[in-house]
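S.K.: Model the structure of this input:
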Amino acid sequence: MSILLPDNAQVIVQGITGREGVARTQLMKGYGTNIVGGVTPGRGGQEVEGLPVFDSVKECVAELGEVFASCLFIPAPLVKDATLEAFAAGIKLAVIVPDRVPLHDVLEIKAAAKDYGADFLGPNTLGCVCVNRWVLGMMGGRAESARKFFKPGSVGVTSRSGGITSSMAYYLGKGGVGASTIVHVGGDSVVGLPHPEIVKRFETDDQTKAIVMFGEIGGSQEEQVAELIENGEITKPLIAYIGGKGAKEGTRFSHAGAIIEGGRGTREGKIEALTKAGATIVEDFDQLAEVVKQVLKAKGIEV
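M.R.: Numbers count the residues shown, from 1 in each chain. The predicted model follows:
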């Protein structure tokens, strides 16, 4: 079962004629994603990778039928209008790859998503992968490397860091732990599907038996996950690594959303909340796979 994209659902690419759009369309199509077309205003009638290009999402949907998801590879200032256009055309999931999307724009996108009953991943996300089934965004680089890189299994991965997302999947696979779905929620302070939403979806996913989470300083996503565990909403084993050990108050740690302010959002506070809730904390990243295997074995779950 997929937590974000139904099987065989149609996907389009907004900004498909740009350099990134072309490269990532090759990745997604090659990995098995059902990419059916793309949108670039003023480029309607062209083709990319044998796929039709339209001037608008409305035209694209009218021609190709129901489209579930759109991946956006466009300049940050254009993201808000493009995402609202996608929602208005019936798109239910927008994967917003660009970073530096203005915060006010993200808040407007969030309000629109609620109105339309839609979701969005990001901004500032590499996307997500349902191993051996589909990829949305740019995770894996090329289809060939993605097939080698991501190993199938029963562990759901959610991360606030793009690079760490791929590293976690790699080290887990190398250690004999395969993944069901791998999600980079995005590195900004406000994102569409943060950790709490993703772990709730993993909780209802039959394929996922345990959850691995990479958290970091700033915000309250990890504390919210701890509350979900304490409230009994998350019952599957959760193993977490929290980055930012050397960060001091007022220091931004790599991502726009990773900053300690007013003593809040500290690594220590997140670890304390998760530990109290019953999650397993990994202090050494190199030990991630081994700890996951130990937790699964203790729960009687096959790796």
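
S.K.: Spit out the contact partners of the most far-flung residue of the chain relative to its centre.
M.R.: In the chain, the greatest distance from the average C-alpha position (C-alpha atoms, centre = their mean) is reached by Gly45, at 31.3 Å. By C-beta atoms under 8 Å, 6 or more residues apart in numbering, Gly45 lies in contact with Val53. For the C-beta atoms, the positions are set from N, CA and C on the backbone; glycine is no exception.

S.K.: In terms of helices and strands, where is the closest residue to Tyr116 other than its chain neighbours?
M.R.: Beyond its immediate neighbours in the sequence, the residue positioned closest to Tyr116 (C-beta to C-beta, 6 or more residues apart in numbering) is Phe87, lying 4.2 Å away. Per DSSP states H and E, Phe87 falls inside helix 79-88.

S.K.: Tell me which other helices or strands that helix touches.
M.R.: The contact analysis (3 or more C-beta pairs under 8 Å, 6 or more residues apart in numbering; DSSP states H and E) places helix 79-88 against helix 57-64, strand 69-72, strand 93-96, helix 103-116.

S.K.: now it: mean pLDDT?
M.R.: Here helix 79-88 scores 98 as its mean pLDDT.

S.K.: before we move on, what about stretch 142-149?
M.R.: 90.

S.K.: for stretch 54-65, same thing?
M.R.: 98.

S.K.: Pull the distance from it to the chain's centre.
M.R.: Relative to the centre of its chain, stretch 54-65 is centred 25 Å away, using C-alpha atoms, centre = their mean, to the nearest Å.

S.K.: Stretch 183-196: end-to-end distance?
M.R.: 12 Å (C-alpha to C-alpha, to the nearest Å).

S.K.: For that stretch, list every residue counted as buried.
M.R.: For stretch 183-196, burial by neighbour count (16 or more other C-beta atoms under 10 Å) applies to 183-188, 190-196.

S.K.: Take those and lay them out in CSV including pLDDT and distance to Leu27.
M.R.: Output for these, formatted as CSV (pLDDT from 0 to 100; distance: C-beta to C-beta, whole Å):
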residue, pLDDT, distance to Leu27
Val183, 97, 17
His184, 97, 15
Val185, 97, 20
Gly186, 95, 19
Gly187, 89, 20
Asp188, 91, 23
Val190, 94, 27
Val191, 96, 22
Gly192, 97, 22
Leu193, 98, 21
Pro194, 97, 25
His195, 98, 25
Pro196, 98, 28
